[in-house]
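Chemist: A structural model of the following input is requested.
(one chain, ligands or ions: 1)
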Amino acid sequence: MAQEIDLVEKVRAYDQAADLSLLNAAYTFSMKAHGSQMRQSGDPYFSHPLEVAGILAAMKLDPATISTALLHDTVEDTLATIEEIEQNFGGEIARLVDGVTKLSQLDVTSSTQTRQAENFRKLFLAMSNDIRVLLVKLADRLHNMQTLKYLSPEKRARVAQETMDIYAPLAERIGMHDMKDELEDLAFAELNPDARESVLTRLDYLREQAEDRVAMISAQLLETLAKENVEAEVGGREKRPVSIWRKMERDRSSFEQLSDIVGFRIVVDDIPDCYKALGVVHGKFQMVPGRFKDYISTPKRNGYRSIQTTVIGPGQHRIEIQIRTAAMDREAELGVAAHWQYKQHAEHADGTQYLWVRELLDLLDAASNPEEFLEHTKLEMFQDQVFCFSPAGELIALPRGATPVDFAYAVHTEVGDTTVGAKINGRMAPLRTQLRNGDQVEIVRSEAQTPSPSWETFVVTGKARSAIRRYRAKQEQSQYAELGLAMVKKAFGDTGTEVADDALASALPALSHDTLEDLYVAVGNGTVSAQSIVETVLPERKIKPKSRLPSFMRKRDAKGGDHAIPIRGLIPGMAVHLSSCCHPLPGDRIVGIVSEGKGVTIHTIDCDRLEAFAESPERWLDVAWDTDADIPEFQVGRIKAVLANTPGSLSTLATVIAKNNGNISNLKIVDRNPDFFEMRVDVEVRDLSHLTHIIAALRIDPAISSVDRIKG
Ligand code: MN
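Modeler: Sure, this is the predicted structure:
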C-alpha cells in the first residue's frame, strides 16, 4: 500500500537507524484490528491512525511515538488488548498506547464550564506521565478537527469547544505554537464562522494592498542588517484569523494597518547576533515605546524565546518584529516536541530550556542514550495534585495524598460531615484510601453520621481538617455541658434539694458565667466545682466536705450509686477519658476523677492511682457504664502473660486471642529469661466479661504459664 511506504519513507528520511520493521508491524496490526471499521467520512477507519502518525512524522518524532500513533485507537475501539500490544511491541509502546487510551476515556463534556477547563488541562498533563502520550493525543485531536465536517452539528460544536478550551491551550502550554494555531483556527471556524469569514474577507483586501509592501520591507530590513554584517533571514508572516479577531475583541478596534495582519521575523545564527540585529533595527528605525520585550533573557513560562519590538519601519510603516535564532524559531513552532525529535537533543544544551521541562532535560544529560531518556521521562508538572471526578462528572482538584474524606469536604462541608463510605470507580473503598488521577469518587452519606475524630489522622486538606476540628470542638462542648448538668444535679441531690433553673440563672453573675450552658460546660470540664454552685445558690446550706472517701465508694456493686452519672459515647480526647493506668472496661465498677480543664478521667474503683485523690473528695464523681449491647464499643484491656520461651508460644497467644474475637492493639516484652518471657498485651474487647473470657482461654493453653489482668 502506497500509504505505508509514504510513512516509512518519511521516518526513514530523518532517522536512518529507525526500526522499520517495528513501524511495519504496527501498521499491519492496526490495519487488521480496525478491519472494515469506517469513519463518519466513509473512509476506512485505519486512515485516521495513519494520518495521526503522519502528523507526528512531520514533527520528526521517534519511532515509538509514530508506532503509538498507529496503534492509538486499537485498545479503545477494537478487540485488541493492551496485553497483545505489549507482546507484539514491548513495554514502552504498550505504556504509551495505554496512556493515550486513558486520556481518550476521560469524559471532558463538563469542560464547557470554563472554570473547569484549567483543571482539565492540568489533569491531561498530570496523566501524561510521558509527554509523548500528550503529543499523540494532540495529533489525534488535530486530525479529528481536520475531519470535523463529517460529524453531526451538535457533536461538531462540542468537539470544537473542547479543542478551544482544552487542547489548544495545552498545546500552547507545552510551547507547540503551530499545533495551537491550527487547532484554534479549526475550532474558530466551527464556533464562530461569521467572524472568521469577515476577518478573511478583510484580510484578502489588506493583503492585496500590502503584498508589495511586505516584500519591500523585508528587503530593506535585510539590506540594513547586511550593511552591519549581520547575516539573517527575514520574512513576513500573516497573523491567524483567530488572533486578529481576539485582538479586535480586546481592543475594540478594527484592523487597518499592516502591523495588524503581518509580523516580521528576523532569524539569525546565535544569541549575540539577536542583540546585534536589535541594535541595528533600533538604530535605523524609530522604536514605538512600550512594545519592546526581551523573552530571550527572560523566556516565557512555556519556553518561548524571542526579542519582540515595534518600530516605524521602511516607508513609515509601523511594523512588529520578532528576532530569534533558528533553534528558537523551531522551538517556538514545535515546542516540547522539538526536544523529542530524533537526535536533536544535542542542540539543546544551552540551559535556556522550558522552565518546567528543565528537570527532564537534566535527566537527558544523565541518561546514557535518548531511548533510555524517553523511557524514564516523567512529567513532574502537577505531580503534587490529583484530579478526581464526581459521579456527575465534575472535576475536583485535590492535593496529592487526598482521600475520599477530603474529596467529600471539597464538594461541600455538609457532604463531608455526613460521609460514611466511598465508592472509587464503582467499588467500595476505605475512607483513608489515597485517590489517584482520574478516579471517580462517589460519597456514601448518612444523615445520622457525624465526622469521626480519626479522620483527622489521614485527611490532607485544610478544609477537611478544620471542619473535623470544628465539629469536634462543638461535640466536646456539648459533652462537657451534659456531664456538667449531671454533676450539678447530683450535687444538689446530695443536699436533698432539686435544681431550679431560675435559681441557677440568678446565681450566674455571682459565678461569673453568662449562660447556663456556659456554666454546665465549666462544671463538666472541671473549672467550676458543682459544690461551689450549691454553696452560691444555697448559702445557708454549707456543705461540709465528707471525710475521706465519698459515700458511694462503699457500695461495690457494678451498677454504681443511685446518682451515678452514665458514661457512654466515649470519644478519645473528649470530655470523658478512660485512664491508661487501669484500662477500665464496661463491667468494671468505675469512678470518675474531675481534672480542671480536662473533664473526667475514669478509673476502676480499685486502681492504685486513686490514692492520690483521697484528700480531694470534691473531685470524685460517681459514674456507671451506660453501654449499648447492640452497638459494641471496643475498649482496651491490658493483660500480663508469662509464656514458655519456646518456638510458637507467641503465636499461640496471638491465635487464642484472635479466636476469641480480641484484637491485639499493643504488645511488649517486659522481661525475658532463658525459660520464660513476660509480655504485656493490650487487647481491644467489648467489656469485662469479654476480657475475662479471653484470659480463661489463655490459661487453658499449656504454652502459657500464667495470665493476669493488669490494673494500675
Ligand atoms: Mn483517534
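Chemist: what helices or strands is the host helix or strand of residue 70 leaning on?
Modeler: In the assignment (DSSP states H and E), residue 70 maps to helix 63-71. Applying 3 or more C-beta pairs under 8 Å, 6 or more residues apart in numbering; DSSP states H and E, we find helix 63-71 packed against helix 2-14, helix 20-34, helix 47-58, helix 82-105, helix 131-146. (C-beta placed from N, C-alpha, C; glycine too.)
Chemist: for the second one, the distance to its chain's centre please.
Modeler: How far helix 20-34 lies from its chain's middle: 38 Å, per C-alpha atoms, centre = their mean, to the nearest Å.
Chemist: now that helix: mean pLDDT?
Modeler: Across helix 20-34, the average pLDDT comes to 92.
Chemist: One more: the first one?
Modeler: Helix 2-14 shows an average pLDDT of 81 in the prediction.
Chemist: Now render the helices and strands packed on helix 63-71 as TSV, adding mean neighbour count and distance to the ion.
Modeler: As requested, the helices and strands packed on helix 63-71 are arranged in TSV below (neighbours: other C-beta atoms under 10 Å; distance: least, C-beta to the ion, whole Å):
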stretch	mean neighbour count	distance to the ion
helix 2-14	15	16
helix 20-34	18	11
helix 47-58	22	6
helix 82-105	18	7
helix 131-146	24	4
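Chemist: Nearest to residue 634, out of those?
Modeler: For these, distance to residue 634 was read as C-beta to C-beta. The smallest value, 41.9 Å, belongs to helix 82-105.
Chemist: what's the closest one packed up against?
Modeler: Using 3+ C-beta pairs under 8 Å, 6+ apart: helix 82-105 touches helix 20-34, helix 63-71, helix 74-77, helix 114-127, helix 131-146.
Chemist: Is there proximity between the helix holding residue 70 and the ion?
Modeler: No. Residues of helix 63-71 contacting the ion under C-beta under 5 Å from the ion: none, with a closest distance of 8.9 Å.
Chemist: burial count for whatever residue of the stretch 401-550 of the chain ends up closest to the ion?
Modeler: With C-beta to the ion as the measure, residue 438 is the residue of the stretch 401-550 of the chain nearest to the ion, at 18.6 Å. Look at residue 438: counted by other C-beta atoms under 10 Å, it has 18 neighbours.
Chemist: Could I get the pLDDT score of it?
Modeler: 75.
Chemist: if I read this right, it contacts residue 102, doesn't it?
Modeler: Yes. If you go by C-beta atoms under 8 Å, residue 438 and residue 102 touch, sitting 6.9 Å apart.
Chemist: Let me see the ranges of the strands in the stretch 551-700 of the chain.
Modeler: For the stretch 551-700 of the chain, the strands defined by DSSP state E, counting those that start in this stretch cover 565-567, 576-578, 590-595, 599-604, 620-625, 635-644, 663-672, 676-685.
Chemist: any idea how far residue 434 is from the residue of the stretch 551-700 of the chain found nearest the ion?
Modeler: Nearest residue of the stretch 551-700 of the chain to the ion: residue 663, at 52.6 Å (C-beta to the ion). Using C-beta to C-beta, to the nearest Å, residue 663 is found at 24 Å from residue 434.
Chemist: just residue 703 next, same as before
Modeler: 41 Å.
Chemist: go on, residue 201?
Modeler: 56 Å.
Chemist: More neighbours: which of those two?
Modeler: residue 434 (14 against 10).
Chemist: so what's the more buried one scoring on pLDDT?
Modeler: pLDDT, residue 434: 91.
Chemist: Can you check which of the strands of the stretch 551-700 of the chain gets nearest to residue 156?
Modeler: Between the strands of the stretch 551-700 of the chain, strand 663-672 lies closest to residue 156; by C-beta to C-beta that is 60.4 Å.
Chemist: how big is the angle separating the closest one from strand 635-644?
Modeler: Strand 663-672 and strand 635-644 are oriented at 40 degrees to each other (axes from the mean of the first three to the mean of the last three C-alpha atoms, to 10 degrees).
Chemist: what's strand 663-672 packed up against?
Modeler: Contacts defined by 3+ C-beta pairs under 8 Å, 6+ apart place strand 663-672 against strand 635-644, helix 649-659, strand 676-685.
Chemist: export the ones you listed to TSV and tack on distance to residue 529 and mean neighbour count?
Modeler: TSV is the format used below for the helices and strands packed on strand 663-672 (distance: least, C-beta to C-beta, whole Å; neighbours: other C-beta atoms under 10 Å):
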stretch	distance to residue 529	mean neighbour count
strand 635-644	28	20
helix 649-659	42	16
strand 676-685	34	20
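Chemist: Now render the ones you listed as a markdown table, adding mean pLDDT.
Modeler: Output for the helices and strands packed on strand 663-672, formatted as a markdown table (pLDDT from 0 to 100):
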| stretch | mean pLDDT |
| --- | --- |
| strand 635-644 | 88 |
| helix 649-659 | 87 |
| strand 676-685 | 89 |
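Chemist: Could I get the ones you listed in CSV, plus columns for distance to residue 247?
Modeler: Compiled in CSV, those are given as follows (distance: least, C-beta to C-beta, whole Å):
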stretch, distance to residue 247
strand 635-644, 71
helix 649-659, 74
strand 676-685, 70
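Chemist: Now for residue 10: which residues touch it?
Modeler: By C-beta atoms under 8 Å, 6 or more residues apart in numbering, residue 10 lies in contact with 54, 57, 58.
Chemist: Tell me the spacing between the nearest residue to the second one once chain neighbours are set aside and residue 72.
Modeler: Think residue 57. Counting by C-beta to C-beta, 6 or more residues apart in numbering, residue 57 lies nearest to residue 10, which is 4.5 Å off, once chain neighbours are set aside. Distance, residue 10 to residue 72, using C-beta to C-beta: 18 Å.
Chemist: For the residue of the stretch 551-700 of the chain closest to the ion, give its distance to residue 420.
Modeler: Residue 663 is 22 Å from residue 420, by C-beta to C-beta.
Chemist: Residue 163 now?
Modeler: 41 Å.
Chemist: More neighbours: these two, which one.
Modeler: A direct count of neighbours by other C-beta under 10 Å for residue 163 and residue 420 places residue 163 higher, at 25 against 13.
Chemist: any idea what residue 422 is structurally, helix, strand or coil?
Modeler: Reduced to three states with DSSP: H, G, I helix; E, B strand; the rest coil, the structure at residue 422 is strand.
Chemist: so what's it closest to, chain neighbours aside?
Modeler: Distance criterion C-beta to C-beta, 6+ apart; nearest residue to residue 422, sequence neighbours excluded, is residue 404 at 3.4 Å.
Chemist: Now for the one you found: which residues touch it?
Modeler: Counting by C-beta under 8 Å, 6+ apart, residue 404 touches 419, 422, 424, 429, 431, 433, 435, 441, 443.
Chemist: The first one contacts residue 443, doesn't it?
Modeler: Translated: residue 419. Yes. Residue 419 lies in contact with residue 443 (C-beta under 8 Å); the separation is 5.4 Å.
Chemist: Spell out the secondary structure type for the residue of the stretch 401-550 of the chain closest to the ion.
Modeler: Under three-state DSSP, residue 438 comes out as coil.
Chemist: can you give me phi and psi for it?
Modeler: phi 80, psi 0 (degrees, to the nearest 10).
Chemist: One more: residue 322?
Modeler: Here residue 322 shows phi and psi, under degrees, to the nearest 10, equal to phi -110, psi 140.
Chemist: Equivalent analysis for the one 5 residues further on, please.
Modeler: Backbone torsions for residue 327, taken as degrees, to the nearest 10, come to phi -60, psi -40.
Chemist: burial measure for it, as a count.
Modeler: Neighbour count for residue 327, taken as other C-beta under 10 Å: 19.
Chemist: Provide a list of residues in contact with residue 593.
Modeler: The contact partners of residue 593, by C-beta under 8 Å, 6+ apart, come to 600, 601, 603, 610, 613, 619, 620, 621.
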